[in-house]
Structure formats: C-alpha cells, structure tokens
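Student: Turn this into a structure:
(one chain, ligands or ions: 1)
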Amino acid sequence: MTAVGRQVRRYPFPMQRTEVSPMYATLRRSEPVSRVRLPYGEPAWLVTRYRDVRTVLSDPRFSRAVAQGLDQPRMRVENMNDGIMGMDPPDHTRLRRLAMKAFTARRVEKMRVTVGRITTELLDAMVAGGQPADLVRHFARPLPVTVICGLLGVPLEDYPRFTRWTEAFTNDESASTGVLATVGREMDAYFAELVAQRRRRPTDDLLGALVRARDDGDKLTETELIDLAGAGLLTAGTETVSCGLPSFVYTLLRHPQALATLRAEPELMPSAVEELLRFVPINTAAMFARYALQDVELSGVTVRAGEPVLPSLAAANRDPDVFADPDRLDLTRATNPHVTFGYGPHLCIGAQLARLELQVALRALLDRFPRLDSTDDLEWKFGVIVRGPATLPITW
Ligand code: HEM
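Tutor: Next comes the predicted model:
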C-alpha cells in the first residue's frame, strides 16, 4: 500500500492539557502508518508503533539532512535552520563527537550540587512572595535557564533576552519569517561575541570547552559553535524542561496515590521521573520529519523514496506491545525504554542534564511542601514544539 487514495488527517490532533490524543491508539491498532498534514509543508506519513518509530529514528535509510531546503512538514510558516538536527552521519557524527568531548557525563554530574543550590534559591524567593504562587514563573522557567547559563558560562543578566529568543523559536506559531530571522541574527551575534571572548581568554565553562574540543586535529567551526550553543543548548535545554517540570507536578497532583507513594519512598525518584517522561507528553506534535532515501516498508505500508515520515514519540510511549498497561502512571515501572529523548544518532544530548534537573526539582518540591496543591485556575500553552502549563498557581 502506498500514499495514493488514502485519507489525509489534519495534524496535530486536537488535544487537552497532558492528554495523549486517543487518535494515536486508534491509528496504532488500525492504521499504524497514516497520512497527515501539519499546518505547513507537504503531507507526511505519521508512524505510531514503537517499533516503527525507532526504525524511522535510527535506520540510515531515513535522513534529516535531505529535509533541509525542502518543504518540510512543520508547525509554523518558517522553515528553520535545524543545526545539528538537520544533519546525517558522518557529518553529524563528527559534530556530535566534538560536542560530547565537552558535554561529558562528568561535567553534568558535577552540576548536581549547583542545580540543588539554584533550586533552593528559587524556592526561597517564591515562598517569600507568598501564596498562591505561579510555579512556572517562579521556578520552572528560571531553573533550566539559570542552569544552562551556569553550565555554558553565559551571563544570567541576559535572561530577558534568552527568554525572548527561546519563546520566539519554540512557542510563537505566528512569528513571521522576518521576526525569526531577526531573533536568529541577534542570538548568533551574541554567541559569536562570547566565543570570541573565549578565544582571547580560555574558560573552564562548557562554551570554553566546546571552543577547545579537538578530535584527531578536527574542531568545531565558528558556525557550528554558535549554532550548538544558541539553538542547540540554550533553546533545546530550556523550554523542554520548563514545560516538562510543571506538567509533571500537575500530573502528580492529579494522581494522589502515586504522589503519596513517591513521598513515602524517595528512592523511587529516578524511576518516577522516567515514568513521568514516558507518560506526560512534552512535545506538541511529532516533529523533525525524516525523509526516506529509498523505498522502505513499515507495518505493511511502502514509504516511497523522497517521502517524509513523522515519528510520534508520544504514541510510541503508549504502545501496549512494549509497555504493560500503557495508559496507567506507574512510578515503579521496572523497565521503561521510553523514547521521550528520541533514539538513534540524534538521541538528546541533554538527556542526563534534564533528568538531573527534574529529579532534583521534584525532590525539593515534595520535601519542602508536604501540602503542595494547585488551583485549577491555570493556562495551558501549545507551542510549535512544546506544550505545558503557561501558569500553574500552587499553594503549600
Ligand atoms: C525534558 C527535557 C528534554 C526533552 C524531552 C528533550 C527531547 C529531545 C528529543 C526527542 C530529541 C531528538 C529529536 C529527534 O530526533 O527528532 C532531542 C535532541 C536534542 N536535545 Fe533534547 N530534550 C530535553 C532536554 C534537553 C536539554 C536540557 C538539552 C541541552 C542542554 C537538550 C539538547 C538537545 C540537542 C542539542 C539535541 C540534538 C541532538 C542531535 O541532533 O544529535 N535537550 N531532545
């Protein structure tokens, strides 16, 4: 079966708050490789089965590089420069290897104490302001920005600018080509200056380490450094966590039994965070279409060479062939191979940092606020990349 004569559904499917649209389960069962059309770009295949999603993310017959310059299925009018996400091996492998020379597990683990300190300071300030307080404004948004600024060695005074840039890239559906191009130029110029400073005077921070990173005489070019620091780390590293964290709190508050278990058994926190990552959708839609380089068969459907495919991580994370009782939040789930951080060559570079931030932040909230609660007077945002509470008023 090919694309001809098939129903093309509008995508993303209608959704509420943290709900994973029931359409995914329907499709996974009866039409696991279906046709969809995003607000912009050409129609695409949507895959909803775990096995197919992992194939599309990792099989070299699918390309991200080919997508560059094509009318990619996407959420906004602008076709962006996808940086590291727009490359295939071996170019991608080279860039990634150099990035990983600087962004090591050791460097991330050393951040545990810093993340704890930032968490305490932010919560102190929130408590001082009285209740109810907006968890997003006082905690979930500043936490990842402060962490990534400290890691990269970027001055925190520039916070208002970062927020404007990351908001424009990740949430502003209506941002016109001109606005995004201006924001992109501003961000590039900003990071070009910081890179130049580090060339003049080497630093120990992550940006300094990226500037110095060498592999067999190879190193990152100026453009690669700027793209990686700005769009790659600052943008990807902030909006995801600042949407994920309040979504997780919201979910726990609506699952009192699970919350009570987590309070009683703090050692469950790592597996609880993995389960929340599986259960709570952070992305608004399946994104970063892969283009087939040759005809590929997925669940009985032939994807033709040159056609784009969208892998739905949220659908894969609820596949009953992989996760027992997939629609149940089970913080004690023993094996949890979720794909929330992707899979294959583009597996999230910041996954360990994100896990660390989420674990430390949730632990602090539960320890500090035994009567944590939220009012239902909250706003939700569905951005072009991520979704989550825009405000989450809490009491304690
Ligand atoms: C809960 C938080 C996060 C989630 C859910 C998340 C999710 C993802 C996913 C799904 C991908 C792969 C996309 C694809 O293959 O289509 C990805 C890639 C990436 N993420 Fe994350 N991410 C998170 C946090 C972070 C953080 C904290 C950073 C940086 C500090 C980061 C930096 C990156 C980068 C640079 C890539 C591109 C990797 C590559 O192309 O090789 N992310 N992320």
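
Student: how close does whatever residue of the stretch 201-350 of the chain ends up closest to the ligand get to residue 81?
Tutor: Relative to the ligand, the nearest point of the stretch 201-350 of the chain is residue 350 (2.0 Å; Cβ to the nearest ligand atom). Every C-beta, even on glycine, is put in place using the N, C-alpha and C of the backbone. According to Cβ to Cβ, to the nearest Å, residue 350 and residue 81 sit 19 Å apart.

Student: between these two, who's got more neighbours?
Tutor: residue 350 (22 against 15; other Cβ atoms under 10 Å).

Student: Around the closest residue to that one other than its chain neighbours, count how many other residues there are.
Tutor: Among residues not flanking residue 350 along the chain, residue 237 sits closest, at 5.0 Å (Cβ to Cβ, 6 or more residues apart in numbering). Residue 237 has 23 neighbouring residues, counting by other Cβ under 10 Å.

Student: wait, residue 237 sits on residue 148?
Tutor: Yes: here residue 237 reaches residue 148: they are 4.6 Å apart, a contact under Cβ atoms under 8 Å.

Student: Could you pull out the strands in the stretch 151-300 of the chain for me?
Tutor: Remark: strands assigned in the stretch 151-300 of the chain by DSSP state E, counting those that start in this stretch are 214-215, 218-219, 290-292, 296-298.

Student: what secondary structure does residue 394 sit in?
Tutor: Three-state call for residue 394 (DSSP: H, G, I helix; E, B strand; the rest coil): strand.

Student: let's number from 60 now, not from 1
Tutor: Understood, numbering begins at 60; the last thing we discussed is residue 453.

Student: Could you check how far residue 90 is from residue 83?
Tutor: 11 Å.

Student: Then residue 369?
Tutor: In terms of Cβ to Cβ, residue 369 sits 12 Å off from residue 83.

Student: where does residue 410 fall, phi/psi-wise?
Tutor: Torsion angles at residue 410 (phi, psi; degrees, to the nearest 10) stand at phi -60, psi -40.

Student: Pull the contacting residues for it.
Tutor: By Cβ atoms under 8 Å, 6 or more residues apart in numbering, residue 410 lies in contact with residue 400.

Student: 10 Å - rerun?
Tutor: With contact taken as Cβ atoms under 10 Å, 6 or more residues apart in numbering, residue 410 is in contact with 167, 336, 399-401.

Student: With residue 322 instead?
Tutor: 311, 425-426, 429, 431.

Student: how long is stretch 344-359 from one end to the other?
Tutor: End-to-end span of stretch 344-359 (Cα to Cα, to the nearest Å): 24 Å.

Student: before we move on, back to that, overlap in contacts of residue 369 and residue 83?
Tutor: With Cβ under 10 Å, 6+ apart as the test, residue 369 and residue 83 both reach 105, 107, 345.

Student: burial of the second one, as a residue count?
Tutor: Taking other Cβ under 10 Å as the criterion, the count of residues near residue 107 is 27.

Student: Quick one: which of the shared contacts of residue 369 and residue 83 has the lowest pLDDT value?
Tutor: Lowest pLDDT within the shared contacts of residue 369 and residue 83 is found at residue 345 (85).

Student: buried sites along stretch 103-122?
Tutor: Buried residues in stretch 103-122, counted by 16 or more other Cβ atoms under 10 Å: 103-109, 111-117, 121-122.

Student: which among those residues gets closest to residue 441?
Tutor: Proximity of these to residue 441 (Cβ to Cβ) peaks at residue 105, which lies at 17.6 Å.

Student: re earlier: next, show the common contact partners of residue 296 and residue 207.
Tutor: Residues touching both residue 296 and residue 207 (Cβ under 10 Å, 6+ apart): 225, 409, 412, 416.

Student: Helices - which of those residues land there?
Tutor: 225, 412, 416 (DSSP state H).

Student: For the last one, list the residues it contacts.
Tutor: When you say that, I think you mean residue 416. 167, 170-171, 174, 177-178, 199, 202-203, 206-207, 296, 300-301, 303-304, 332, 409.

Student: now with 6 Å?
Tutor: Contacts for residue 416 (Cβ atoms under 6 Å, 6 or more residues apart in numbering) come out as 174, 300.
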